[in-house]
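A.B. asks: Here you go, sequence then predicted model.
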Amino acid sequence: MRTKLFFLSSLTFFLFIFTSCIKDDLFDFSKVEVDIDSKWAANIVNVEASLNDFNIETDEDSEFSLENRDNLLVLLFNTTKIYSLRGDTMFRTSLATSNINLVLPSVSGQTKNTKATYNYSIDTSLELSINGMILDSALLKSGVLTMNIATDINHPYEITLKSNNILNSSMVPLSITKSSTSSNVNFTIDIANTYIIFPNQQNIIPITFDVAITPQGGSLNFPYHIDINNSLPSLTFSWLHGQSQKKTEHFSKQLSMSFLENTASLRCMFKTAKINVEVKNNVGMPLSLTLDTLMLCNDIDKYYFDLQPYSNILAANYPKIKGEFATTKEEFDIQNFKYANSNTYIQFTALGILNNDGIDGNKYFITDSARYRIHARVEVPLNIDLYNLTYFDTIDFEMDSIDINVLDYAIFRIEMNNSFSFGLNTQAYFLNESNQIIDSLFTPSLNVGKASLDPNNEYRLLEPTSSVTKIKVENKRLQKIMQAKQILLKADATVNKNDPRVIFYYDEQKLKIKLGIQTQVKTKL
Amino acid sequence: MKKSLIFSVVIIVLFGLKSNAQQSLSLLGENIYSTNYNIGKPSFYKWHATIPLLSNTNILISENLVTYKDLIIQTDTSKIINPRGLLRNLKRTTSFQFHLNEEILGFGFKIKNNSYLIFSTRLRTETYFFFPNELMKMFIEGNVDYIGKNVKSSPALYHTSYVEVGIGYQYTIDKNYTIGIRPKLLLGITNIHTTESEINFLTTQNWDLQANANVQANTYLPFNNEFEFQSDAFFSGLYKNIGMSVDLGTNIKLPYNLGIAVSVNDLGFISWKSDELANKANFHTNDTGSFIKDGSINFDGLKLTMQDLIEGKFEDATSFFDSLNQDDFITYSYDKIKAYRSSVYPKLYVEAFYNLSKFRFSILSRTDFVGKKILPSFTFGCSGYFGDIVELALSYSIYNRTYTNLGFGFHFHFGPVQWYCTFDNIIAPLIPMQLNNFSIQSGLFLGIRSKENKKLRSSDM
């Protein structure tokens, strides 16, 4: 019995003790926070830079690109372009004839009869005025031909305007009839997409008026008169065909060879280069360029290289089909020229001559948008002596959303793998809103040696250089960095003056940069 | 007095060890349902019969990852969830377990003097979920301490529910040796069986992150691939999923009041043959996006080219997550399969006991075999008969790697009416801040002792 009592009393005692431990608010989760305390490391940026990345575009308008030719990278520039005037500004057209007076004579050989119909057919013409061109044919682009007719005919009549030299887009000759009983009648003709044939090489368009008078009582008062006022404002053409006078135009322009001038500084000696001056012409006339100046200029190094003999004449091709371009190239070889990416250009001065022989019986065409353009294409094998190469760029650095109070520290890990034949001296600057430097990441700046190349095998890559750097940033410095708005990256090539030759090869030469961050996050969510 | 003192010391020691209990019912020697743990444990009844659905209900809910005390820090103003509190538990296998056992119908009777036959029909559900410990631990601590180490986790879910129809037979030799066998016919109801599970997360020495996952499971659930309940297929399939298993056990009394008992339960399988509901669930990562390679997340920093720098194009972190959010990065499929076989979850019980006066002291080892995982547990228990009316049992168990399991059980003997209730963790509701487990087993059945067992003591069992 005593055992049972002891057992029961012990159990009751412990149940009482445990029950009293439960507090009322034990499961009140109205205010809950999560305590985060963890250490994380990860790469945040992985940059792989190769020269091939500089291929911005490969179409004809690209300014700069790289090509791999037998494993030697070739730098290609398409310089800025010079354009001639457009066809529709070189040749202006308008309606020359503004008034036509016609007389309908009395009937001969028959008695005036109020029940007869009197028919007349009168040939006349319209004349287009155009500067410096005798036309065979044209396709008009826009314009409205208006003919206001005033007459003293006192009976009902019909007037038909006809021309076998004015054809619509379906090649149907013009024929419009108007009936009237009054003294005025108007013709309004939209001449868009209308073909004109000029049969007499005098820019004249033959037209015919057929008039039919049907008397209906009253007297017939011959001769009758018809006055026609013409207007054709805003006349434009799609193309003109005929004989043209000689047209000349002066050009003078610097064809820029700049690239990345805002983010890089490059100065080097190119061993060889080819410069193709290219003329693309879709004016359907003979074109020649009298070259006054064709000179490679580097104002920074005061280096100037004359590419051609004085007053060289470049005869350019011209297209036989409307809308097409004819291309003419002239190649110039140069050696050992100094290049600076921010201020190297080709000085081009020339006189452009269209249809040099003038009106000599030969016929050509010109379209309204026809023009010729000139630019230079520069090919430089990247076999260079490098004097200076600096790359700099800014990256937005928005860390406003991070509560820096939760970061105990940050370790930046920078892994660089360089397979270029020059070393790199790198620094990352933290900039504030005013673009002022508030801190720099590396003290001193980060140096990565040049890669090992094989001079006996066309300087091919033997082994890249790797470098891993860790930088621990704590407390106040971390807070300062986190307030930055931008990071300015600056990398200077460290050039060995004893061995300045640099040859760039496709794919092999890259700079890989991994930027990682490790931090301990302590916060309550 | 001396015995009372020993008993009291045992109670205090068990409490002092933050004790808990496990499978307390197995310590109640008279209870016919202790044969569920060891069919070789001798029955003291002439006959017994269950009251349908009331005789044996057993519910176990257990997890060993989270306790209120580990996870929550109480301050004056708020509660702080401290994930680091889980780190200690994450060092070894953590799991969630749910077991349900309901006897539908059962009876038994003595054959001659040394044999007993038991018929039993039970509804059983056993569920084990294994957490991805290593991965959870890394996400709580961060990956810095894991640089250069592959963090590999294998979360897994095993679940089987079935109806078990068993006929047990036990035979006693010279009152000291009892052996038993219970072949069982199994009718499968639902199943989830993880066949492959691997999640890897590697932070390389260069701080690159790599991760991938591949998880496969066979399932037999009453749903189609749009998780719509398929009643017709489910009910028609109840008799198609046939399985077999067997329980084997023995109980041996040794000299000096010592004894041992050994049993192996649930050694068998179920074939899931209803092809309308048998499916293979597959979850794995694929090659998509710029940060995925060979089916792995391969994050070595946001990719920038020189041209991006020139043109001022900078990716932000969302591009990485966009890459992961692509629908085809994670492939989940749920495809029909014709049939598959899954094992039920065998358990090995080994017990050593010592009879002292009217008390019986036991050390019981239980080992669950689930998939490729082994879950050991240990129970220290003491039982005794008081006044030939009630048998009491007290236990302390270490199971599912929890150490606060103090169990208690009683079995009242009112003539032919037997009423019992056991808790494997009786103090759990009273210490919710350290609550891991909850287990109760209770029931009411009819049983008449045989003549030679009219007066029982625990030391007789």
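C.D. replies: Noted; the coordinates are in hand.
A.B. asks: mind listing the helices for chain B?
C.D. replies: For chain B, applying DSSP state H gives helices covering B:2-16, B:68-71, B:87-90, B:133-141, B:231-236, B:306-311, B:317-325.
A.B. asks: Of those helices, which shows the lowest average pLDDT?
C.D. replies: Ranked by mean pLDDT, the helices of chain B bottom out at helix B:2-16, with a mean of 37.
A.B. asks: Grab the CA positions of stretch A:343-356 and hand them over as PDB.
C.D. replies: Below are the C-alpha coordinates for stretch A:343-356, written out as PDB (Å, rounded to 0.1, in the frame of the first residue of the first chain):
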ATOM      1  CA  ASN A 343      41.900  61.400 -82.500                       C
ATOM      2  CA  THR A 344      42.900  59.600 -85.700                       C
ATOM      3  CA  TYR A 345      41.100  60.400 -88.900                       C
ATOM      4  CA  ILE A 346      41.400  60.500 -92.600                       C
ATOM      5  CA  GLN A 347      41.300  64.000 -94.100                       C
ATOM      6  CA  PHE A 348      39.400  63.800 -97.400                       C
ATOM      7  CA  THR A 349      39.100  66.700 -99.800                       C
ATOM      8  CA  ALA A 350      37.700  66.200-103.300                       C
ATOM      9  CA  LEU A 351      35.600  67.600-106.100                       C
ATOM     10  CA  GLY A 352      32.800  65.300-107.200                       C
ATOM     11  CA  ILE A 353      31.900  65.500-110.900                       C
ATOM     12  CA  LEU A 354      28.700  64.000-112.200                       C
ATOM     13  CA  ASN A 355      28.500  63.500-116.000                       C
ATOM     14  CA  ASN A 356      31.800  65.100-116.700                       C
END
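A.B. asks: Looking at that stretch now, give me its mean pLDDT.
C.D. replies: Regarding stretch A:343-356, the rounded mean pLDDT is 90.
A.B. asks: likewise stretch B:25-45?
C.D. replies: Confidence for stretch B:25-45, expressed as mean pLDDT, is 87.
A.B. asks: now for that stretch, what's the gap between its first and last residues?
C.D. replies: 17 Å (Cα to Cα, to the nearest Å).
A.B. asks: Report the buried residues of it.
C.D. replies: B:25-45 (16 or more other Cβ atoms under 10 Å in any protein chain shown). For every residue, glycine as well, the C-beta is placed using N, CA and C.
A.B. asks: cool, stretch A:313-328 as well?
C.D. replies: Buried residues in stretch A:313-328 (16+ other Cβ under 10 Å): A:314, A:316, A:318-319, A:325-326, A:328.
A.B. asks: Equivalent analysis for stretch A:440-458, please.
C.D. replies: A:441-442, A:446, A:448, A:450-451, A:453.
A.B. asks: now swap in stretch A:340-354 and tell me
C.D. replies: Within stretch A:340-354, the residues scored as buried using 16+ other Cβ under 10 Å are A:340-348, A:350-354.
A.B. asks: and what of stretch A:154-163?
C.D. replies: So for stretch A:154-163, counting by 16+ other Cβ under 10 Å, buried means A:154-155, A:157-159, A:161-163.
A.B. asks: Turn those residues into a markdown table, including secondary structure, distance to B:T305 and pLDDT.
C.D. replies: Shown next, in a markdown table, are the buried residues of stretch A:154-163 (DSSP: H, G, I helix; E, B strand; the rest coil; distance: Cβ to Cβ, whole Å; pLDDT from 0 to 100):
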| residue | secondary structure | distance to B:T305 | pLDDT |
| --- | --- | --- | --- |
| A:N154 | coil | 86 | 90 |
| A:H155 | coil | 85 | 91 |
| A:Y157 | strand | 79 | 93 |
| A:E158 | strand | 76 | 94 |
| A:I159 | strand | 73 | 95 |
| A:L161 | strand | 67 | 95 |
| A:K162 | strand | 68 | 95 |
| A:S163 | strand | 64 | 95 |
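A.B. asks: any idea which of those residues is the one closest to chain B?
C.D. replies: A:S163 (58.0 Å; Cβ to the nearest Cβ).
A.B. asks: Mind listing the residues bridging to that closest one?
C.D. replies: A:L174 (DSSP bridges).
A.B. asks: Please parse chain A into its domains.
C.D. replies: A:39-51+A:386-524, A:64-84+A:253-381, A:96-243 (automatic domain parsing).
A.B. asks: Next, the distance between the ends of stretch A:496-514.
C.D. replies: Counting by Cα to Cα, you get 26 Å between the two ends of stretch A:496-514.
A.B. asks: which residues of chain A fall in helices?
C.D. replies: Going by DSSP H, chain A shows helices at A:2-20, A:87-90, A:475-482.
A.B. asks: what's the least confident stretch among the ones you listed?
C.D. replies: helix A:2-20 (a mean of 50).
A.B. asks: For the domains of chain A, please prepare TSV with the additional fields distance to B:I104.
C.D. replies: Shown next, in TSV, are the domains of chain A (distance: least, Cβ to Cβ, whole Å):
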stretch	distance to B:I104
domain A:39-51+A:386-524	52
domain A:64-84+A:253-381	81
domain A:96-243	94
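A.B. asks: Least reliable of those by average pLDDT, please.
C.D. replies: Looking at the domains of chain A, the bottom one is domain A:39-51+A:386-524 with a mean of 82.
A.B. asks: got the residue ranges for the strands in the stretch 201-350 of chain A?
C.D. replies: Using DSSP state E, counting those that start in this stretch, the strands of the stretch 201-350 of chain A run over A:204-213, A:224-231, A:236-244, A:247-256, A:264-281, A:287-298, A:303-306, A:312-316, A:326-340, A:344-354.
A.B. asks: Who are the contact partners of the residue nearest to the spatial centre of chain B?
C.D. replies: For chain B, the residue nearest the mean C-alpha position is B:Q97 (4.5 Å; Cα atoms, centre = their mean). By Cβ atoms under 8 Å, 6 or more residues apart in numbering or on different chains, the residues touching B:Q97 are B:60-63, B:126-129, B:400.
A.B. asks: In CSV, list those along with pLDDT and distance to B:K280.
C.D. replies: Below are the contacts of B:Q97 laid out as CSV (pLDDT from 0 to 100; distance: Cβ to Cβ, whole Å):
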residue, pLDDT, distance to B:K280
B:L60, 86, 29
B:I61, 86, 29
B:S62, 83, 29
B:E63, 83, 28
B:E126, 94, 21
B:T127, 95, 19
B:Y128, 93, 20
B:F129, 93, 19
B:N400, 68, 29
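A.B. asks: Report the two of the residues you listed separated the most.
C.D. replies: B:E63 and B:E126 (14.7 Å; Cβ to Cβ).
A.B. asks: if I look at the closest residue to chain A within the stretch 351-461 of chain B, how far off is A:L462?
C.D. replies: Chain A sits closest to B:L430 of the stretch 351-461 of chain B, with a gap of 3.7 Å, by Cβ to the nearest Cβ. Using Cβ to Cβ, to the nearest Å, B:L430 is found at 75 Å from A:L462.
A.B. asks: out of these two, which sits in the more crowded spot?
C.D. replies: B:L430 (17 against 12; other Cβ atoms under 10 Å in any protein chain shown).
A.B. asks: can you pull the contacts of A:P173?
C.D. replies: Counted by Cβ under 8 Å, 6+ apart, A:P173 has contacts A:162-167.
A.B. asks: now do 7 Å
C.D. replies: Going by Cβ atoms under 7 Å, 6 or more residues apart in numbering or on different chains, A:P173 touches A:163-164, A:166-167.
A.B. asks: Around chain A, pick out the residues from the stretch 351-461 of chain B.
C.D. replies: B:386, B:427, B:430-432 (Cβ under 7 Å from any Cβ of the partner chain).
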